[in-house]
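# Sequence first, predicted model second:
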Amino acid sequence: MASRLFSSLQLRDLEIHNRIVIAPMCQYAANEGNASDWHLMHLGHLAVGGAGMLLLEATAVEPAGRITPGCLGLYSDENERSLQRIVEFIRANSKTALGIQLSHAGRKASSRLPWQGGSVIDIRQGGWRTMAPSAIPHAPAEPPPHALNVDEMRAIADAFCASAERAYSIGFDAVELHAAHGYLLHQFLSPLSNHRTDEYGGSLENRMRYPLEVFAQVRSRWPADKPLGLRLSATDWVGDGWDIEQTVAFSRRLVELGCDWIDVSSGGLSSVQRIVSSPGYQVSFTQRIRKETGARTIAVGMITEPRQAEDILSSGAADLVALARGMLNEPRWAWRAARELGGEVHGPKEYYRKPPSRTRGIFINARAEFR
Ligand SMILES: Cc1cc2nc3c(=O)[nH]c(=O)nc-3n(C[C@H](O)[C@H](O)[C@H](O)COP(=O)(O)O)c2cc1C
């Protein structure tokens, strides 16, 4: 039987050649939000590995929305120019669809780089004021964030739209909104971080309101023929937190608004979370969302084997699978998967040693096609 992993998928006017997605991965290698040579190397080499879609890392919609001073941004002309160079390189060398994850870190902003420990940077040491739905810090020892007022929330929603428009002008195929891992949109969803008493806090309906408004606004400003997806955390892994029941309700609303995929991750909101991870540990959430809401889903989390990915898709749990660490370990994972499952991958001509009709063997027995 033909491999599902290597079947194409139509998302609005975008055709993705196979179901393999490279998950968004922060590189902390930007300067004032600008992409660097590191991005060119990192994204460039991942893009020629044959995946159907490459999702760029969490990219801040305003400077204060960066997790760290090294995070990528798409809020200035300079940011836009620096990313354009990378998009042009990938376009010239790869057939992968290109998406970008737009994000605002909220109360998790102004942090040190992970390899410097990731702790909060004090304003006197170059940090900046963080913001959130309520003045509740991520960890008790951290300074409380500023509780956003409605005008400030509207300005951030506009910033999401402006970044999406910049992504369009650079030539991205797709946008994914980041509503997972304890960042701003997730902070609105979770009762642990949202203690507001206005129409944006309290009931589930109220907590969903702002993320849904942001989604709807970006949808109205992002071209109708291009897909817009969203990443969420299906659970906070904390009692009384955000959970899969609320996630299903939220997903239903996203489907009504025309969300093209739900990328199902988990955790990141609470410093007391207890995650029990094992291969495919988030797939049951993905399956439930897909089954109960009809959403297209992306499964992610400890997916490392082609057969495992194929089984996730053929069981009906997901429409796409995403790999992060698996791709860092094995950037040509799609070639191995094509070999093991009998699929076909796109590859760069520079790696071919013969005309395309006789390339079997060049990709070590994966069938290949010129880009
Ligand atoms: C280096 C690195 C950076 C990451 N940055 C992001 C990010 O920018 N946005 C995001 O939603 N998830 C991010 N993640 C999480 C991954 O996208 C993925 O969900 C997670 O690593 C689980 O998948 P895996 O088991 O295939 O690594 C990152 C993971 C890694 C390893």
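Nice, I can see it.
# Next up, the contacts around residue 309.
5, 19, 20, 303, 321, 337 (Cβ atoms under 8 Å, 6 or more residues apart in numbering). For glycine as for every other residue, the C-beta is placed from the backbone atoms N, C-alpha and C.
# What is the burial count for residue 329?
By the criterion of other Cβ atoms under 10 Å, residue 329 has 10 neighbours.
# With neighbour count as added columns, please give the contacts of residue 309 in TSV.
Below are the contacts of residue 309 laid out as TSV (neighbours: other Cβ atoms under 10 Å):
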residue	neighbour count
5	25
19	28
20	29
303	25
321	31
337	29
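# Filter those residues to keep only those in contact with the ligand.
residue 303 (Cβ under 6 Å from any ligand atom).
# In terms of model confidence, name the weakest of the contacts of residue 309.
Among these, residue 337 carries the weakest pLDDT, at 94.
# Touching, it and residue 303? I think so.
No. Using Cβ atoms under 8 Å, residue 337 is not in contact with residue 303, being 10.7 Å away.
# circling back to that earlier point, looking at the contacts of residue 309, which one is closest to residue 262?
Among the contacts of residue 309, residue 321 lies closest to residue 262 (Cβ to Cβ), at 13.6 Å.
# element containing that closest one?
strand 320-323 (DSSP states H and E).
# Within the sheet, what are the partner strands of that strand, with directions?
The pairing partners recorded for strand 320-323 under DSSP bridges are strand 20-22 (parallel), strand 297-300 (parallel).
# In TSV: those strands, plus distance to residue 247.
What follows is these, written out as TSV (distance: least, Cβ to Cβ, whole Å):
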stretch	distance to residue 247
strand 20-22	20
strand 297-300	11
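# Can you name the residues of the stretch 151-300 of the chain that neighbour the ligand?
178, 180, 181, 231, 265, 300.
# Can you flag the buried ones in the residues you listed?
Neighbour counting over those (16 or more other Cβ atoms under 10 Å) leaves 178, 180, 181, 231, 265, 300 as the buried ones.
# Farthest-apart pair in those residues, please.
178 and 300 (13.1 Å).
# re the thing from before, identify all contacting residues around the strand holding residue 321.
5, 9, 16, 19-23, 52-53, 55, 261, 263, 296-300, 303-304, 309, 312-313, 333.
# just the helices in the stretch 51-200 of the chain please.
77-93, 150-170, 184-189 (DSSP state H, counting those that start in this stretch).
# worst-scoring helix or strand of the chain, pLDDT-wise?
strand 367-370 (a mean of 52; mean pLDDT, DSSP states H and E).
# and stretch 43-58 with the ligand, contact?
Yes. For stretch 43-58, a contact with the ligand is found by Cβ under 6 Å from any ligand atom, at 57, 58.
# Show me which residues of that stretch are buried.
Result for stretch 43-58 [16+ other Cβ under 10 Å]: buried residues 43-44, 46-58.
# which residues in the stretch 101-250 of the chain form strands?
131-132, 146-147, 174-179, 228-233 (DSSP state E, counting those that start in this stretch).
# Just put those in TSV and tack on distance to residue 343.
Listed next are the strands of the stretch 101-250 of the chain as TSV, based on distance: least, Cβ to Cβ, whole Å:
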stretch	distance to residue 343
strand 131-132	44
strand 146-147	50
strand 174-179	22
strand 228-233	23
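# what about whichever residue of the stretch 51-200 of the chain sits closest to the ligand, distance to residue 336?
Closest contact between the stretch 51-200 of the chain and the ligand, by Cβ to the nearest ligand atom, is at residue 58 (3.5 Å). Residue 58 sits 27 Å away from residue 336, taking Cβ to Cβ, to the nearest Å as the criterion.
# just residue 92 next, same as before
25 Å.
# try residue 115
29 Å.
# So those two - more neighbours on which side?
residue 336 (17 against 7).
# tell me what whatever helix or strand that one lives in is packed against?
Assessed by DSSP H and E, residue 336 sits inside helix 333-341. In terms of contacts (3 or more Cβ pairs under 8 Å, 6 or more residues apart in numbering; DSSP states H and E), helix 333-341 is packed against strand 20-22, helix 306-314, strand 344-347.
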